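**Student:** sequence and predicted structure are below.
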Amino acid sequence: MVKAVFFDRDGVVNEVIDRGENFFVGEKKVRFTAPHHHSEFRFKSGIKEVLEAVGKLGYLRILVTNQPDIAYGKLPQEQHERIMAEVKNLSFDDIFICFHRRNDGCLCKKPLPGMLLDAAKKWNIHLPSSYMIGDTDNDLLAARAAGVRSVIVSDGRNDHLEPDSRIQDLLSILEIIN
Ligand SMILES: [Mg+2]
């Protein structure tokens, strides 16, 4: 079996976008969102180096991301594809995307662990020796449900979460996994 580090996208790979106090996605008020246009997309500092280092440590690097904003009409398909073309330039071994909305009843949308479990089956991943790095409760809950160790990147909005490990910047992940 192999071990893996699962990465959330928005808030881990790239910066989230602050939409202010009055922004709604699918009738729910949401302040911080994914980039909705390629021009908004910015990699977070250190992500490229972290992915390369994690690979050298013998872990698969797997992106697991919810992207419902296409279905909600906020993110044009072609902008999503331009953004993902940037992400695919990084050294991920595999990418899992859930495009469903909150009430679609899928099994893949975090906080459900479907994407992690599908990846585990596909790659023969040993989940207890794997990690999930995220920035929200959805990432933490998906990690717990899949039985992987949870890591939260602090952003000033997630201090209430209680992951297995907390890091202040991406490069610090290298002090946790080894
Ligand atoms: Mg996120």
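**Tutor:** Looks like it came in fine. Residues are numbered from 1 along each chain as shown.
**Student:** can you map out the helices along the protein?
**Tutor:** 47-56, 77-87, 114-123, 137-146, 173-176 (DSSP state H).
**Student:** reformat the ones you listed as TSV; add distance to Ile152.
**Tutor:** To be clear about C-beta, it is placed using only N, CA and C from the backbone, and glycine gets the same treatment. Below are the helices of the chain laid out as TSV (distance: least, CB to CB, whole Å):
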stretch	distance to Ile152
helix 47-56	15
helix 77-87	21
helix 114-123	16
helix 137-146	6
helix 173-176	11
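**Student:** let me have these in CSV, adding mean neighbour count and distance to Val64 as columns.
**Tutor:** Shown next, in CSV, are the helices of the chain (neighbours: other CB atoms under 10 Å; distance: least, CB to CB, whole Å):
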stretch, mean neighbour count, distance to Val64
helix 47-56, 16, 14
helix 77-87, 15, 12
helix 114-123, 18, 4
helix 137-146, 21, 7
helix 173-176, 15, 16
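**Student:** of all these, which one is nearest the ion?
**Tutor:** When the helices of the chain are compared by CB to the ion, helix 137-146 sits nearest the ion, at 6.3 Å.
**Student:** can I get the helices of the chain in CSV with distance to the ion and mean pLDDT?
**Tutor:** As requested, the helices of the chain are arranged in CSV below (distance: least, CB to the ion, whole Å; pLDDT from 0 to 100):
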stretch, distance to the ion, mean pLDDT
helix 47-56, 13, 98
helix 77-87, 13, 98
helix 114-123, 13, 98
helix 137-146, 6, 98
helix 173-176, 15, 95
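**Student:** just the strands in this protein please.
**Tutor:** 3-7, 17-18, 24-25, 28-29, 32-33, 59-66, 94-98, 131-134, 149-153, 165-167 (DSSP state E).
**Student:** coming back round to it: for His160, which of the helices of the chain is the nearest?
**Tutor:** Closest approach to His160 among those (CB to CB): helix 137-146, 8.5 Å.
**Student:** packing partners for the closest one?
**Tutor:** Helices and strands touching helix 137-146, by 3 or more CB pairs under 8 Å, 6 or more residues apart in numbering; DSSP states H and E, are helix 114-123, strand 131-134, strand 149-153.
**Student:** you'd agree Phe23 is up against Phe32?
**Tutor:** No: the pair Phe23 and Phe32 does not pass the contact test of CB atoms under 8 Å, sitting 9.1 Å apart.
**Student:** so who does the nearest residue to Asp8 once chain neighbours are set aside touch?
**Tutor:** Take Asp8 and drop its neighbours on the chain: the residue closest to it by CB to CB, 6 or more residues apart in numbering is Gly134, 3.8 Å away. Gly134 makes contact with 7-8, 11-12, 110, 140, 142-143, 150-153 under the criterion CB atoms under 8 Å, 6 or more residues apart in numbering.
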